[in-house]
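> When you get a sec, could you give me coordinates for this:
(one chain, ligands or ions: 1)
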Amino acid sequence: MRIELRDAERRKIGRIEVDPVRRPTRVHVGGTGREVFLDWDTALDDARHLRRCISCGCRDLFRTKAFPQVTGFVVVLAFAGAAIGALGLATTPPILIAMLLVFVADVAILLVSKQRLVCHRCRTSYHDLPIARYHRRWDRAVAERHAPPVVPGRKGTRGPRLPWKRSVA
Ligand SMILES: [Zn+2]
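This is a model prediction of the structure:
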């Protein structure tokens, strides 16, 4: 399985490939020279499905669709097609055929895009693995439970400045 690792503060670390059968506990992140420790203890259930995050240990994972990299390109093509259609230029057969091809590509991408698991707490994502049925989709209530802690001093996290709280010089 492929893992897009993130640290406890959800900052990207890098991509690793691990074999769930071998359960490596120390892995080098390709390209960065960084070494990460993976915690496999109780991470797999009886059916060898991933049950919790092996990066941070969180038990709340959600499933979501992982779109292939061509998706962005097709979205741009679809927008171009819509613009051409809106301008009333889609009258010649070649443009209609091109728009049909974009539509077919859209449907194909939806069909081949695979599911992935994402950790609610650290946002590490797990690709190319069988996903157990008990993992649900993203849930606001669960996500709020794992909301990143408020860091004092960071922009937007401070409360309003109240004039009566100002110390009298
Ligand atoms: Zn995690």
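
> Domains in this structure, by residue range?
Taking automatic domain parsing as the domain assignment, the ranges for the chain are 2-67+113-141, 71-111.

> Could you confirm Ala143 falls within a helix?
Yes: counting by DSSP: H, G, I helix; E, B strand; the rest coil, Ala143 is found in a helix.

> Quick check: chain neighbours aside, which residue is closest to it?
Distances taken as C-beta to C-beta, 6 or more residues apart in numbering put His120 closest to Ala143, at 6.0 Å, once the chain neighbours are dropped. (C-beta placed from N, C-alpha, C; glycine too.)

> Can you get me a residue count around that neighbour?
For His120, the neighbour count with other C-beta atoms under 10 Å is 20.

> The one 3 residues further on now?
Arg123 is flanked by 21 other residues according to other C-beta under 10 Å.

> so of the domains of the chain, which one's packed in deepest?
Burial of the domains of the chain is given as mean neighbour count (mean count of other C-beta atoms under 10 Å); domain 2-67+113-141 ranks first at a mean of 15.

> Kindly provide the whole-number mean pLDDT of that domain.
Across domain 2-67+113-141, pLDDT averages out at 92.

> What is the end-to-end distance of it?
Length of domain 2-67+113-141, first residue to last, C-alpha to C-alpha, to the nearest Å: 27 Å.

> That domain: how far from the chain's middle?
Centroid separation for domain 2-67+113-141 versus its chain: 10 Å, with C-alpha atoms, centre = their mean, to the nearest Å.
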